[in-house]
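Colleague: no sequence for this one, just the structure:
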């Protein structure tokens, strides 16, 4: 496929960045505080706020997951030199999954004790990961949208990591049929594990002399 | 007309990009999940979620239509070198149509069995297409805002495609007076057909050697 | 006053652009369509939609007014070379007025027959215009934030136009105490007049040879 | 730690800018105007609007506080040359605090006479300040992400100011246990004091000849 006249890689990236940013900020609209009329004292307000912990936990987990996907999307694009029509529409499909996260997060917050609530949330995240994987395999495969000197080893490495990400959410969905709690715990644990793995020093990083400007 | 001091083509594009991105992400706010109090079991939650299929379908169709319009808008702007005051206000009118899509989408999701619901949605989309067509005819016509060496054949080609796009939604609106279902089906089919036409290889693309960076 | 380390004119412009874009798109959330349960036939839906005309008119007027302010803000910034701390906070005050427009628009849509509704809306717009005027007078005055070769005549010309804009809304607010309808009509007429004045050919433009890339 | 392939300082800044802008504009959604049905005359509308003063005050205070944090964040980034993985995730944590401000603002507006309302708001702001302080100490410390020739005195100066900012909100939270009113007043006073300190001439500024373009 050819490049797309009028559409640069950077414009597509800007559209995706915008949708990520707005979806991340809209998440908080799902956190409903107690109604003023229903609260008559400090104790009631405090217990009302503690009662929305599943909403708060879902919000934090989704915020961190969207930040992870944003980072992974940037990582992918840093190896690309151009885009084409199919690549554009795979990205739009990915964005559709991202823009749906506020709804599935609201569902998880309200229905974290229901198999359906956990499965829809995990399914949304698994689909987002799969679209990002497809995006990567397409761009680095036959379509050859990559920068010159693209290291072949990176293709496999990124694909494996995205595959694991999607598989963990498929596992959460399946798990929720055995134990809803286990599925829910796995869903909100994935971003934490991801971030911990990100911030512990990588052996390969240690060999470098200092921070690189990228 | 002259150029506009203080307003560049790129700033106008940035404003339009922003409104597209936000409208696309706000669409999801119209997808209301079942209320927690009304659900007492898995079966109820599942049937509650299945019952909002018209909302989900409208959301997906509008997301894809806005992505198509965003792409068409970029395509137009890639042939322009400048903007002027009239061009600015035609674009603002186009943006007004785009920013209204979350409302007409909510209307379609709630009232897809009502002629009025389908006709307002189709009318919104037809008007957006018409504004984009006016935008194009103005910029490539007397106002001569185009880049140097603008191929005259492109003017007609883009105009025909935008005309077909707008006509399909006028048809949907008319159709809804005969059969509401037919009008609704046409509305949600247009984006799918558009994308399929986009991603099948174009004969002209096949002649090129590789992906072009645009 | 000195420049602000870490804050460029372009970053401040980007913040303002973002708030404009989001405020313009959030306006539509105030347009509430009839509730599904309350509608039992085509006639009811149609009359329900016709009944929200004040909401629709307020939305269109505010969208066009925000687009005008956005354009005026860009026009101002095109003559500036830098920013400083006071200029930053005057801009933040202007942004506060802009971000409040969705609320005053909702108020106008619901209470267009109430003096208070019209006066608050007109007051919001008058204050926004005044802040933009202050912004201009400060930047082009003692603070000397202007580009080299800034034409002195422009200072006065822009100030007069912004003064007229603010005065028209002060007039709307005052008028609403005599006749609420007159105040309302003036409010929604201003953007239309502004745009008509923008798109009719300017004598000075006619002298130029072609569109300038700005 | 090394730099992050695929993630530049400027992209991270753009993500943060986006979340700031959207959070600032979403604040206004918490300002609920009186319902149309409940108002039967001018006097009722006026008193209904005056009754939401705590909502309006919270909105203005939060808008100004977010603008201050945005400015402080830019100030920090102006001294940085690169980012790394840990820096990215500290920033995401900061953004999580920023994105939560619309909720804590709604809480303050509804429950400004409740210790819990004031303490949660102050806690949100104190945490945001602490994350920004951590961000700064990390980037200018062992990670050495700073620009060449970074003046050592700046590190301490900025850290002290961010520490005072966070401490003032810790104080507000503590104060609210003695007097809720005092805690509330301190919360909404901080942004005003901050801005006044910003706009009075700094002795160091007076020595410069004119505005610097930064």
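Modeller: Great, that's in hand. What you see is a predicted model, and the numbers here were worked out from it, not measured in a lab.
Colleague: how about chain A: which residue is closest to chain C?
Modeller: residue A:22 (8.4 Å; C-beta to the nearest C-beta). Placement of C-beta: from N, CA and C, glycine included.
Colleague: what number of residues lie near that residue?
Modeller: 28 (other C-beta atoms under 10 Å in any protein chain shown).
Colleague: contacting residues around it?
Modeller: By C-beta atoms under 8 Å, 6 or more residues apart in numbering or on different chains, the contact set of residue A:22 is B:21-22, B:25-26, D:18, D:22.
Colleague: is chain B contacted by stretch A:67-74?
Modeller: No - using C-beta under 8 Å from any C-beta of the partner chain, stretch A:67-74 stays clear of chain B, with a minimum separation of 13.7 Å.
Colleague: tell me the pLDDT of residue A:200.
Modeller: pLDDT, residue A:200: 80.
Colleague: my read: residue A:16 touches residue A:91, true?
Modeller: Yes - between residue A:16 and residue A:91 there is a contact under C-beta atoms under 8 Å: 6.3 Å.
Colleague: when the two are compared, which one has more neighbours?
Modeller: residue A:91 (26 against 21).
Colleague: that one touches residue A:135, doesn't it?
Modeller: Yes - counting by C-beta under 8 Å, residue A:91 touches residue A:135, with 6.2 Å between them.
Colleague: residue A:199: what's it in contact with?
Modeller: Here residue A:199 is in contact with D:85-86, D:89 (criterion: C-beta under 8 Å, 6+ apart).
Colleague: any chance of those residues in TSV, plus secondary structure?
Modeller: As requested, the contacts of residue A:199 are exported to TSV (DSSP: H, G, I helix; E, B strand; the rest coil):
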residue	secondary structure
D:85	helix
D:86	helix
D:89	helix
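Colleague: nearest to chain B among those?
Modeller: Checking the contacts of residue A:199 one by one against chain B (C-beta to the nearest C-beta), the nearest turns out to be residue D:89, at 23.7 Å.
Colleague: for the closest one, which residues are in contact?
Modeller: By C-beta under 8 Å, 6+ apart, the residues touching residue D:89 are A:195, A:198-199.
Colleague: restricted to helices, list those.
Modeller: Mapping the contacts of residue D:89 onto helices (DSSP state H) picks out A:195, A:198-199.
Colleague: which one of those residues is nearest chain B?
Modeller: For those, the nearest to chain B is residue A:195 (24.1 Å; C-beta to the nearest C-beta).
Colleague: give the closest residue to the closest one in space, chain neighbours not counted.
Modeller: residue D:89 (5.4 Å; C-beta to C-beta, 6 or more residues apart in numbering or on different chains).
Colleague: burial count for the residue nearest to residue A:113 when sequence neighbours are not counted?
Modeller: What sits nearest to residue A:113 in space, not counting adjacent residues and going by C-beta to C-beta, 6+ apart, is residue A:180, at 5.9 Å. A count of nearby residues for residue A:180, using other C-beta under 10 Å, gives 20.
Colleague: thought residue A:180 was touching residue A:118?
Modeller: Yes - assessed by C-beta under 8 Å, residue A:180 is found in contact with residue A:118 at 5.7 Å.
Colleague: give the residues shared as contacts by those two.
Modeller: Common neighbours of residue A:180 and residue A:118 (C-beta under 8 Å, 6+ apart) are residue A:112.
Colleague: quick one: the helices in chain A, in order.
Modeller: Under DSSP H, chain A gives helices at A:9-26, A:42-50, A:53-77, A:85-110, A:115-140, A:152-178, A:180-199, A:203-206.
Colleague: the second one and chain D, are they touching?
Modeller: Yes - if you take C-beta under 8 Å from any C-beta as the test, helix A:42-50 does meet chain D, through A:42, A:45-46, A:49.
Colleague: how about the residues of chain A near chain C?
Modeller: Near chain C, when you scan chain A using C-beta under 8 Å from any C-beta, you find nothing.
Colleague: what's the weakest-modelled helix or strand in chain A?
Modeller: Least confident helix or strand of chain A, by mean pLDDT, DSSP states H and E, is helix A:203-206 with a mean of 48.
Colleague: sorry, back to before: nearest to residue B:64, of the helices of chain A?
Modeller: helix A:85-110 (6.9 Å; C-beta to C-beta).
Colleague: what's the burial count for residue A:36?
Modeller: 11.
Colleague: check contacts around it.
Modeller: D:110-111.
Colleague: how near is it to residue D:112?
Modeller: 11 Å (C-beta to C-beta, to the nearest Å).
Colleague: which sections of chain A are below the confidence cut-off?
Modeller: A:1-6, A:201-214 (pLDDT under 70).
Colleague: ok, residue A:118 to residue C:142 distance?
Modeller: Taking C-beta to C-beta, one finds residue A:118 at 62 Å from residue C:142.
Colleague: neighbour count winner among the two?
Modeller: Using other C-beta under 10 Å as the criterion, residue A:118 and residue C:142 rank with residue A:118 on top: 28 against 9.
Colleague: the more buried one reaches residue A:112, doesn't it?
Modeller: Yes - using C-beta under 8 Å, residue A:118 makes contact with residue A:112 at a distance of 6.7 Å.
Colleague: shared neighbours of those two, anything?
Modeller: A:180, A:184.
Colleague: contacts for stretch A:140-159?
Modeller: A:1, A:75-76, A:79-84, A:86-87, A:133, A:136-137, A:139, B:210-211.
Colleague: check stretch A:161-181 too.
Modeller: Under C-beta under 8 Å, 6+ apart, the answer for stretch A:161-181 is A:72, A:112-115, A:118-119, A:121-123, A:125-126, A:129-130, A:132-133, A:136, A:182-184, A:186-187, A:190, A:194.
Colleague: check contacts around residue A:133.
Modeller: A:159, A:162-163, A:166.
Colleague: again, but for residue A:28
Modeller: Residue A:28 touches A:59, D:26, D:99-100, D:102-103, counting by C-beta under 8 Å, 6+ apart.
Colleague: if we use 10 Å, what do you get?
Modeller: A:55-56, A:59, A:63, A:102, A:105, D:22-23, D:26, D:96, D:98-104, D:106 (C-beta atoms under 10 Å, 6 or more residues apart in numbering or on different chains).
Colleague: before we move on, back to that, among the contacts of residue D:89, which one lies nearest to residue A:8?
Modeller: Among those, and counting by C-beta to C-beta, the member closest to residue A:8 is residue A:198, at 28.9 Å.
Colleague: ok, residue A:21 - how many residues close by?
Modeller: Neighbour number of residue A:21 under other C-beta under 10 Å is 27.
Colleague: quick check: it vs residue B:17, distance?
Modeller: From residue A:21 to residue B:17 the distance is 12 Å (C-beta to C-beta).
Colleague: now do the shared contacts for these two.
Modeller: With C-beta under 10 Å, 6+ apart, residue A:21 and residue B:17 have no common neighbours.
Colleague: picking up where we left off before, export the helices of chain A to CSV and tack on distance to residue B:171?
Modeller: Shown next, in CSV, are those (distance: least, C-beta to C-beta, whole Å):
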stretch, distance to residue B:171
helix A:9-26, 29
helix A:42-50, 52
helix A:53-77, 37
helix A:85-110, 24
helix A:115-140, 32
helix A:152-178, 40
helix A:180-199, 44
helix A:203-206, 58
